[in-house]
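1. need coordinates for the below:
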Amino acid sequence: MTEVHGFADEGFGPVADAFRANFDENLETGAAVAVYRDGRLVVDLHAGVADATSGERWTADTLAVTFSVTKGLMALSAYLAQQEGLLDFDAPVTSLWPEYAAHGKEATTVRDLFSHRAGVVAIDADLDLDDVTRWTPVVAAIEATRPQFTPGTTFAYHALTYGWLTGEVLRRATGRLPGDLLDHYLSAPLAAQAWIGLPDDLHSRVARIVPAPADTSPQTAELVRKILAMPTFVRSVTLGGLLPLRPIDPAHGLDFNSPALHSAQIPAANGITTARDLARIYSTAVTSTQGIGPLLTEESIADALTPRSSGASWPGALTPPGIRFSTGFLLDGPARSLLSDTSFGHDGANGALAFADAGAQVGFAYLNNRMPAMVDERAGRITTALRDALKH
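-> Numbers count the residues shown, from 1 in each chain. Coordinates of the predicted model:
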């Protein structure tokens, strides 16, 4: 039986039980979960190994790649920029980024970029690692891309382009690239360990991700067949072949275990943080936490909870059925059950999940280092246990 470290306050034992159960059923390699309630840390647990090859244990300070959980950090930063008067979600993108108008994108609003309605699911150009690390080549490629659907008319999950779309409009509004933006609005003021673009001296602290267990089921084979028949989706998650189709693929040579990707700014996918710091960021968004916050106004919270994209999505991308997006955030819904209809946050490809709940005054984060099987119930079990604990 895996030893679980940390604590869960009285009344939050079910959260600890659900976290432990994931290890007991061999669904985890290493993981951590943290919960703030009313600005106070009430759950802080970690277990397993951060590196299965060396046996290094997961500690309270182990850093983890968050995948698309990073999108929520970009959205939080955007709302803080909006509160300063630097950003208007309903303005045309061209008011900040005139070059974006090319090839039929001139009517796109800033909110379209954040709510997966931009139509730039994939970039037309093939990119290399140097392009990604230098930022502006990706921006130029986006400017030259013809949208896959008319912006604002429907939605589809912008798996990686979301980061450069939102990141560039925020750079134009604030003068800061995503890593600096995150540090300015969240990491530095909250003394939080959270980065988009990891400093070189911290690579050794990042948990090594292991691939999903082998799955030869007919359901998985059918999903792979469906994915391979969707060229726009394949390009969207691989940047035209730069990255592997599976986020962790040792045979590819460049995946999300690569220090080069950790150091780059890929603001839809490569945020790196700890569960405790991430939960505290979300807690501070909605309530006073360690003497800071709430960061978001009531108007911003109401806007962050307003659905903007749901229902039938553009069929050329693999958008989970039942998904609900607000401006930059994942909302509670059939595709991902959060705490309640006052929750907003984001999940990630490895099953990670982080959110705030404005009604319950909760900040939640669950991080891990094992890619999931086709059906992944790890985060759902923990949030269900938290929901039950809060009822008592």
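2. confidence score at E222?
-> On pLDDT, E222 comes in at 86.
3. export the helix or strand it falls within to PDB, keeping only CA atoms.
-> Using DSSP states H and E, E222 falls within helix 218-228. The C-alpha atoms that make up helix 218-228 are tabulated as PDB, following Å, rounded to 0.1, in the frame of the first residue of the first chain:
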ATOM      1  CA  PRO A 218     -11.500  -2.100 -29.400                       C
ATOM      2  CA  GLN A 219     -12.700   1.300 -28.000                       C
ATOM      3  CA  THR A 220      -9.200   2.700 -27.900                       C
ATOM      4  CA  ALA A 221      -8.400   1.300 -31.400                       C
ATOM      5  CA  GLU A 222     -11.600   3.100 -32.700                       C
ATOM      6  CA  LEU A 223     -10.600   6.300 -31.000                       C
ATOM      7  CA  VAL A 224      -7.100   6.200 -32.600                       C
ATOM      8  CA  ARG A 225      -8.700   5.500 -36.000                       C
ATOM      9  CA  LYS A 226     -11.000   8.500 -35.500                       C
ATOM     10  CA  ILE A 227      -8.100  10.800 -34.500                       C
ATOM     11  CA  LEU A 228      -5.900   9.800 -37.400                       C
END
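4. counting neighbours, what do you get for D124?
-> Counted by other C-beta atoms under 10 Å, the residues lying close to D124 total 14. Quick note: C-beta positions are derived from backbone N, CA and C, even for glycine.
5. looks to me like it is in a helix.
-> No: assigned with DSSP: H, G, I helix; E, B strand; the rest coil, D124 falls outside any helix and is coil.
6. that one against A144, yeah?
-> Yes: between D124 and A144 a contact is recorded at 6.6 Å, counting by C-beta atoms under 8 Å.
7. which parts of the stretch 1-150 of the chain are strands?
-> 4-8, 30-37, 40-51, 56-57, 64-65 (DSSP state E, counting those that start in this stretch).
8. closest to P307 out of those?
-> strand 30-37 (25.1 Å; C-beta to C-beta).
9. please pull up the helix or strand immediately following the helix holding E222.
-> On the C-terminal side of helix 218-228, the closest following helix or strand by DSSP H and E is helix 231-238.
10. quick revisit: how about the strands of the stretch 1-150 of the chain in a markdown table, adding distance to D388 and mean pLDDT?
-> A markdown table is the format used below for the strands of the stretch 1-150 of the chain (distance: least, C-beta to C-beta, whole Å; pLDDT from 0 to 100):
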| stretch | distance to D388 | mean pLDDT |
| --- | --- | --- |
| strand 4-8 | 13 | 98 |
| strand 30-37 | 13 | 98 |
| strand 40-51 | 13 | 98 |
| strand 56-57 | 30 | 98 |
| strand 64-65 | 26 | 98 |
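11. of all these, which one is nearest A107?
-> Proximity to A107 (C-beta to C-beta) singles out strand 64-65 among those, at 35.1 Å.
12. packing partners of that closest one?
-> Judged by 3 or more C-beta pairs under 8 Å, 6 or more residues apart in numbering; DSSP states H and E, the packing partners of strand 64-65 are strand 271-273.
13. any idea how far S310 is from P247?
-> Note on S310: its distance to P247, by C-beta to C-beta, to the nearest Å, is 26 Å.
14. distance of V35 relative to L278?
-> 11 Å.
15. compare those two (neighbour count), which wins?
-> Taking neighbours as other C-beta under 10 Å, V35 and L278 compare with L278 leading, 32 against 29.
16. name all residues that make contact with the more buried one.
-> L278 makes contact with A34, T66, V69, A192, A194, A354, A365, L367 under the criterion C-beta atoms under 8 Å, 6 or more residues apart in numbering.
17. out of the residues you listed, who's nearest A389?
-> Nearest to A389 among those, with distances taken as C-beta to C-beta, is A34, at 14.2 Å.
18. the nearest residue in space to that closest one that is not next to it in sequence: which element?
-> Among residues not flanking A34 along the chain, A279 sits closest, at 3.9 Å (C-beta to C-beta, 6 or more residues apart in numbering). Using DSSP H and E, A279 sits within helix 275-286.
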